[in-house]
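S.K.: quick one, structure for this:
(2 chains)
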There are 2 protein chains.
Amino acid sequence: MKASASVDIMPPRGMRDFYPHQTGLREILFDTWSKAAQRHGFVQYDACIVENLALLKRKAGEEIVDQIYAFNDKSGRKLALRPEITPSLARMVAARWHALSFPLKWFAIGQCFRYERMSRGRKREHYQWNLDVIGAPGPAPEVELLTTALSAIADLGLDSAIRVHISNRALLADLLSHQGISADRHADLFLVLDKRGKLSDAATSEMLGKNGFTAETTAKIFELFRLDSLDAVRRHLGKTTPALEHTAAIFEGVSAYGWGDRIVFDLSVVRGLNYYTGTVFEAFDVDRRFRAVFGGGRYDHLLEQIGGRPIPAVGLGFGDVVVMEIMNERGCTPSVPAAADTVIGYMEPSQFLTGLRVARALRCRHERVDLAMVPEKARAFFGRASHAGARYAIYIGPDDVEKGCLRRKDLEQRTEATLCLRDFIGDAS
Amino acid sequence: MKASASVDIMPPRGMRDFYPHQTGLREILFDTWSKAAQRHGFVQYDACIVENLALLKRKAGEEIVDQIYAFNDKSGRKLALRPEITPSLARMVAARWHALSFPLKWFAIGQCFRYERMSRGRKREHYQWNLDVIGAPGPAPEVELLTTALSAIADLGLDSAIRVHISNRALLADLLSHQGISADRHADLFLVLDKRGKLSDAATSEMLGKNGFTAETTAKIFELFRLDSLDAVRRHLGKTTPALEHTAAIFEGVSAYGWGDRIVFDLSVVRGLNYYTGTVFEAFDVDRRFRAVFGGGRYDHLLEQIGGRPIPAVGLGFGDVVVMEIMNERGCTPSVPAAADTVIGYMEPSQFLTGLRVARALRCRHERVDLAMVPEKARAFFGRASHAGARYAIYIGPDDVEKGCLRRKDLEQRTEATLCLRDFIGDAS
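M.R.: Modelled structure (predicted):
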């Protein structure tokens, strides 16, 4: 039965293995995300990571379609690993349109896949926290999403490390129209402007030129990005617009919540996905050394496009990779707790059964207990217990069972207590 | 931009959508699994659901290979969605062989995929709790796995509903050899005998006949399945064997833990996977109306086969589907908690900002707070709050803000308290 040892023991390229320490960190992050969402009244949903290819292709931008892991099942169905969760959410909401009570405040934590070039530590899968508010008008949904994400950021110890850059595509459209650029050119422009963060101004000008924008128009567009506050925009327009009022109300709400210093107005935020209709935002570390920590925006037409009705919707996606990189760089990576509160060892095989009874009694008190699988010498046992980071160690020898007494060492306080075996085990039932 | 409404809004065939209620139940189950594993000193790991096809094919049985969702990535790599987690675990352990401290007690909760015929409510994906002990000799690992799984069963309120049927392939081999069936025929026999639960005795006889076993031998094999205790096996053999002693020690350990009445000796348990070497077990509802709740066994050669060294290993897999069916049938499905402890509503748009400040203060006290997105009339608000199952409701009118007082209704106790707005908000910072 022995086979040759030629199987690849590494994970597929771009995929991560999670050994216990990494899993511990991941679970701390997931728990932080869940608790923040729940404190803000969001409920959890999920869809399968395998999705219909047609759904994913329909609503994503070109770049994402190229990166989808697609395959056929044995019946020839065209399936894919989801690159994002929002299309599945839109599908689920459309499928139960009449049974759901709006507005919905839903969150999900799920794995997403993109076949990307393997550069700068990018992986081909990541976990993403999604927050969505569906069916509420006005700026309240944006305030709710941003304060929820900022609450998680605070819980991770990154309070002062992250700023959310907020813009509004409708407001940018107001400004472009004001500069004399007609509305039918805006979608093309957004695609170019979204890449601006990664390009020099010269390269952006060149791309705009290729898209048929004159040097004069390009200069006017660049001028807009010098408008660094809502007041500056208002002065430039010489009036207010619904998009301007909406954006101002988001700033007012987040400021009332006490986090006005965590958000900045930044017209350069456009976002790559072509389904955004209004507000768009991206959160970055203050030094701008990493990719976006989270991002999102308003997508008021998406549900209609996949077969639902027109309904206002705002969403946010927050990945696990960048935030971990920033925590690591800032030295605030959380510590993963030791696996056990108490470890139990014994001298001879016959004391294993006593160990089991003691372990059960402690576990009934919700202690996390690691019982040795084999007999050990006392010295080896205490060395192992200390190395494992457990608080308490109990070592059972034949005399202990006979006397009905156990010694429990507190490895942190360096004290020792004697426990009466009968009382101890009498606790379990 | 409006597209035709032809996108399929249902999930891919055999895959599940998790709406908030189902997700709530799923999270309760996952939490029960995690806590039971942690109480027993297990640490969590995970691998990506996308795995190398070669690894999955190498160690699984024929049936599983047929059911794998396989695909090529854009570089032509042969990948697949994992049908089980054990091969990834074996790969991860082999990859860090020298850095890990054995024995390992690891658990995982992950989604697995099999392309099966869609009969009797079977899905093409499910979540599976995996528990594995790697690197410990003797019967202690089996005792640890079984008591951990039984502890989760008890936490789910199914204490008396489930029995674990335990056998040992090496012990069955001892018995077959004793009946004069040579060892080189045992593997074929195990494959037929694993299907016995789903077939009549006549059909099993026929299959054995096709595999070259005479009617006389078949009668001898059937005779073995009447041995319904370890004592009966010992009498039949006229001696003891290492496999018999090992199995007896498992019963002794689980009984010392207080759960001897939850396990039965059952030679008919064989298990389909061909990597099991000794102990095998399957847990069923006492009425045998459902498929197995969990199952597992010893696989001492698996790591060696994929490039590691020989090392003892025992594993257990516990799916999410059958246990939920049994809880549902027995009326002990847990109740999913309401989304919010407190709901906050307001009469006019201008009170939204006050609502935000109150919500933040309560959230800082770890309350789960749902703040209305739009103004509501008092009657509509309280109706909604009550329907949502929240404990407390706070409704803010213009007078309240002016007076600096809020009324908080306890919807459960039907009482009302007045809160001073300044003190209340002063709490947040």
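S.K.: give me the residue ranges of chain A where confidence is low.
M.R.: A:1-7, A:59-64, A:118-121, A:273, A:424, A:426-429 (pLDDT under 70).
S.K.: ok, now how distant is the nearest residue to residue A:280 once chain neighbours are set aside from residue B:36?
M.R.: Leaving out its chain neighbours, the residue that sits closest to residue A:280 by C-beta to C-beta, 6 or more residues apart in numbering or on different chains is residue A:297, at 3.8 Å. (Glycine included, C-beta is placed from N, CA and C.) Note on residue A:297: its distance to residue B:36, by C-beta to C-beta, to the nearest Å, is 41 Å.
S.K.: same thing with residue A:381?
M.R.: 25 Å.
S.K.: more neighbours: which of those two?
M.R.: Ranked by neighbour count (other C-beta atoms under 10 Å in any protein chain shown), residue A:381 and residue B:36 place residue B:36 first, with 25 against 21.
S.K.: any idea how far that one lies from chain A?
M.R.: 9 Å (C-beta to the nearest C-beta, to the nearest Å).
S.K.: surely that residue is in a helix?
M.R.: Yes. The assignment for residue B:36, made by DSSP: H, G, I helix; E, B strand; the rest coil, places it in a helix.
S.K.: so what's it up against?
M.R.: If you count contacts by C-beta atoms under 8 Å, 6 or more residues apart in numbering or on different chains, residue B:36 has them with B:148-149, B:151-152, B:155.
S.K.: measure it to residue B:154 for me?
M.R.: 9 Å.
S.K.: what do you get for residue A:399?
M.R.: From residue A:399 to residue B:154 the distance is 33 Å (C-beta to C-beta).
S.K.: count the neighbours of residue A:315 for me.
M.R.: Neighbours of residue A:315 using other C-beta under 10 Å come to 26.
S.K.: so it sits in a strand?
M.R.: Yes. Secondary structure of residue A:315 (three-state DSSP): part of a strand.
S.K.: who in the stretch 251-400 of chain A is up against chain B?
M.R.: Within the stretch 251-400 of chain A, the residues that sit near chain B (C-beta under 8 Å from any C-beta of the partner chain) are A:252-253, A:256-258, A:301, A:304-307, A:339-340, A:343, A:352-353, A:356-357, A:359-360, A:363, A:366-371, A:373-374.
S.K.: now do the SS call for residue A:406.
M.R.: What three-state DSSP gives for residue A:406 is strand.
S.K.: for it, give me its contacts.
M.R.: Contacts for residue A:406 (C-beta under 8 Å, 6+ apart) come out as A:358, A:394, A:396, A:400, A:418-419, A:421, A:424.
S.K.: who does it form a beta bridge with?
M.R.: Counting by DSSP bridges, residue A:406 forms beta bridges with residue A:419.
S.K.: now it: how far from chain B?
M.R.: Counting by C-beta to the nearest C-beta, the gap from residue A:406 to chain B is 16 Å.
S.K.: same deal with residue A:53?
M.R.: For residue A:53, the distance to chain B (C-beta to the nearest C-beta) stands at 9 Å.
S.K.: burial of that residue, as a residue count?
M.R.: Count around residue A:53 with other C-beta under 10 Å applied: 20.
S.K.: got the contact list for it?
M.R.: A:68, A:70, A:78-80.
S.K.: if you set the cut-off to 10 Å instead, what comes out?
M.R.: When the contact criterion is C-beta atoms under 10 Å, 6 or more residues apart in numbering or on different chains, the partners of residue A:53 are A:65, A:68-72, A:77-81, B:12.
S.K.: just those: which are in helices?
M.R.: Assigned to helices by DSSP state H, the following of those qualify: residue A:65.
S.K.: could the contacts of residue A:53 go into CSV alongside neighbour count and distance to residue A:98?
M.R.: Converted to CSV, those look like this (neighbours: other C-beta atoms under 10 Å in any protein chain shown; distance: C-beta to C-beta, whole Å):
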residue, neighbour count, distance to residue A:98
A:65, 16, 31
A:68, 20, 31
A:69, 23, 34
A:70, 16, 32
A:71, 20, 34
A:72, 12, 33
A:77, 14, 27
A:78, 14, 29
A:79, 22, 28
A:80, 22, 28
A:81, 26, 30
B:12, 20, 23
